[in-house]
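In: Please find the sequence and the predicted model below.
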Amino acid sequence: AQSVTQPDIHITVSEGASLELRCNYSYGATPYLFWYVQSPGQGLQLLLKYFSGDTLVQGIKGFEAEFKMSQSSFNLRKPSVHWSDAAEYFCAVGDDTGTASKLTFGTGTRLQVTL
Amino acid sequence: NAGVTQTPKFQVLKTGQSMTLQCAQDMNHEYMSWYRQDPGMGLRLIHYSVGAGITDQGEVPNGYNVSRSTTEDFPLRLLSAAPSQTSVYFCASSYSYSSGGTYEQYFGPGTRLTVT
């Protein structure tokens, strides 16, 4: 069964600083990987996704992520954080059947941005 | 398109009561899923459906029932509510691979349920 680990429960960065959120996955084949963001009291919004091809994927709001199969990682990065990026971030891996019906989520990383 | 809609937004139940959380999508997605979100645990899959008439269990199905009579609707039933079911519930939908989908799930705004 697949699993996702987000080792950082809470991260605080200053506005304008760079950001990297870690995600490690366990999966038997080439995974389908996602990053979602959730603002307080809101639903989940997709930031970016990886299915195949280029291992560096670009997403919305200036985010990018790099898939590294050798490290089973899919870390999320942003070169300069804005105060509006404060939210909770979830990494997820697609299910074994190759469809989108089942996602396994990590426990999330809460990002706080200081001014 | 309204996307994925969920009703109600908030609900308080007493232990032992039953209720149905509604979920609808207008994107003609084959796949629909229900997740629950609890602090420190991320989202966990309750039930999912790969098409009308076809449902299956996820990671935490106990105490919940689903059916899928139409492509658009995927209601989640709590048969006898328990305090352990206090959570935020999210419905999601997506295309299937056979439809050329890109595996992206679209989430509804959530239902916050409290069981006392």
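Out: Alright, I've got the coordinates.

In: Please identify the nearest residue in space to residue 8, excluding sequence neighbours.
Out: All of this refers to chain A. What sits nearest to residue A:8 in space, not counting adjacent residues and going by C-beta to C-beta, 6 or more residues apart in numbering or on different chains, is residue A:109, at 4.9 Å. To be clear about C-beta, it is placed using only N, CA and C from the backbone, and glycine gets the same treatment.

In: I was thinking of chain B, sorry if that wasn't clear
Out: residue B:111 is the one closest to residue B:8 (C-beta to C-beta, 6+ apart), at 6.1 Å.

In: For that neighbour, give me its contacts.
Out: The contact partners of residue B:111, by C-beta atoms under 8 Å, 6 or more residues apart in numbering or on different chains, come to B:6, B:7, B:8, B:9, B:10, B:11, B:21, B:88, B:89.

In: Give me the pLDDT value at the third one.
Out: Okay, so that is residue B:8. Looking at residue B:8, its pLDDT stands at 97.

In: interface residues of chain B facing chain A?
Out: Residues of chain B lying close to chain A by C-beta under 8 Å from any C-beta of the partner chain are B:31-33, B:35, B:40-45, B:48-50, B:58, B:90, B:92, B:94-97, B:101-105, B:107-110.

In: Is it correct that residue B:94 is in contact with residue B:51?
Out: No: the criterion here is C-beta atoms under 8 Å, and residue B:94 misses it with residue B:51 at 12.0 Å.

In: between these two, who's got more neighbours?
Out: residue B:94 (26 against 14; other C-beta atoms under 10 Å in any protein chain shown).

In: Excluding covalently adjacent residues, which one is nearest to residue 3?
Out: This is for chain A. Excluding its sequence neighbours, the residue lying closest to residue A:3 (C-beta to C-beta, 6+ apart) is residue A:26, at 4.5 Å.

In: looking at chain B here, not the other one
Out: What sits nearest to residue B:3 in space, not counting adjacent residues and going by C-beta to C-beta, 6+ apart, is residue B:106, at 6.0 Å.
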